[in-house]
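Undergrad: What follows is a predicted protein model with its sequence.
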Amino acid sequence: MKQPLAAALVLSAGLITAVPAVAQELPARIKEAGRIVAATNPNYAPIVYKDPATNVLQGLDIDLGTAIAEELGVEIEWQETEFVQMLPSLQTGRVDIALAGMSDIASRRDTVDFVDYMSSGAQFYTLTQLAGSIKEPTDLCGKRVGASRNTNWPSDITAWSEANCVAAGLEPIDVVGTEGSVDARTQLRSQRLDAAVQGNETLPYFQKLEPDTYVLIGAPITRTLAGIPTVKTEEGEQIRDAVAGALKRLQDSGRYQEIFASYGLAENAVDDIQINAGE
């Protein structure tokens, strides 16, 4: 495992800070309450979802959030929140952090900082019965491809289409914004879409859940970092540094790697915990 740099690096994309393993203090308000409040949205298996039998929250982010809270000596209180409301909830103080596989992108860093903890990539996929005619990504040129409109995937698809379809004289992809990844899969199964895009960390789960249903098309078209956002205030920065330090210590103990491996996502783990390192 790479060792963190000793100093912060300032790049044009924003402040990227390497995280030391020393303990950082939570704000007195959180320590006195004995809990940290985390927004989540349980529709992104296996990152965060609900056990259909018990309706209990589970997933990589739930296990990781629990481990972070234990490392910080507090409980974690989960607050289910619509994805689009997570950043406003941070800004109004309803929650302290969010754990929902949120991409660390520049436009979001206007209001929050990200503690980056997982790598991801936008992945094309289709139905098994369509795979005979859609064998590679350029076979999607001129076809309908859906992705959650609350993510950056529609713009990723558009950018890929411009570079690989339009530039080659082919029809552009017809990008369809959906209500979420569940809606995208529903539309795909009804063949209102020819293909869809999800994070590559989620698709192995659905391939296992629904055998012989989905086929990946090529390699991921992007590489992004998912992060835990905290608001850009003095208190938010204190929470940010405490969470980052806890994650680094979980890496050093091996518990971080164990959590990722337990979900078959070892390749999505990161070597170093950094702040605002997304592109």
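TA: Okay, I see it. Predicted model, so just to flag it, every value in this text is computed and none were measured.

Undergrad: Going by C-alpha atoms from here, please, whenever you check contacts or count neighbours.
TA: Will do.

Undergrad: so what's the residue nearest to Glu179 when sequence neighbours are not counted bridging to?
TA: Closest residue to Glu179 apart from its sequence neighbours, by Cα to Cα, 6 or more residues apart in numbering: Ser148 at 5.6 Å. Bridge pairing for Ser148 (DSSP bridges) gives the partners Thr178.

Undergrad: Tell me who's in contact with Ser148.
TA: Residues near Ser148 by Cα atoms under 8 Å, 6 or more residues apart in numbering: Pro154, Gly177, Thr178, Glu179, Gly180, Ser181, Asp183, Ala184.

Undergrad: so which helix or strand takes in Trp114?
TA: If you look again at residue 114, you'll see it is Phe, not Trp. strand 112-120 (DSSP states H and E).

Undergrad: Direction included, what does that strand pair up with?
TA: Strand 112-120 has its sheet partners listed here by DSSP bridges as strand 224-231 (antiparallel), strand 269-275 (antiparallel).

Undergrad: and it, average pLDDT?
TA: Averaged over strand 112-120, pLDDT sits at 97.

Undergrad: And that strand, what's buried?
TA: By 16 or more other Cα atoms under 10 Å, the buried positions in strand 112-120 come out as Val112, Asp113, Phe114, Val115, Asp116, Tyr117, Met118, Ser119, Ser120.

Undergrad: Which residues does it contact?
TA: 87, 101, 104, 199-201, 222-232, 237, 240, 243-244, 247, 268-270, 273-278.

Undergrad: And the residues you listed, which of them are buried?
TA: Among the contacts of strand 112-120, those classed as buried by neighbour count (16+ other Cα under 10 Å) are 87, 101, 104, 199-201, 224-232, 237, 240, 243-244, 247, 268-270, 273-278.

Undergrad: What is the distance between the helix or strand in which Ile30 is found and the centre of its chain?
TA: Using DSSP H and E, Ile30 sits within helix 28-33. From the chain centre to the centre of helix 28-33 is a distance of 28 Å (Cα atoms, centre = their mean, to the nearest Å).

Undergrad: Please enumerate residues in contact with it?
TA: By Cα under 8 Å, 6+ apart, the surrounding residues in contact with helix 28-33 are Ile36, Val74.

Undergrad: list the buried ones in it?
TA: Ile30.

Undergrad: Now do it, average pLDDT.
TA: The pLDDT scores in helix 28-33 average 96.

Undergrad: Between strand 224-231 and the helix or strand just after it, find me the angle.
TA: With elements assigned by DSSP H and E, the helix or strand that comes after helix 28-33 is strand 35-40. Calculated by axes from the mean of the first three to the mean of the last three Cα atoms, to 10 degrees, strand 35-40 forms an angle of 130 degrees with strand 224-231.

Undergrad: counting contacts, what elements does the next helix-or-strand element following strand 35-40 pack onto?
TA: Using DSSP H and E, the helix or strand that directly follows strand 35-40 along the chain is strand 49-50. Applying 3 or more Cα pairs under 8 Å, 6 or more residues apart in numbering; DSSP states H and E, we find strand 49-50 packed against strand 57-58.

Undergrad: and the strand it packs on, how far out from the chain's middle?
TA: Its chain's C-alpha centre and that of strand 57-58 lie 16 Å apart, by Cα atoms, centre = their mean.
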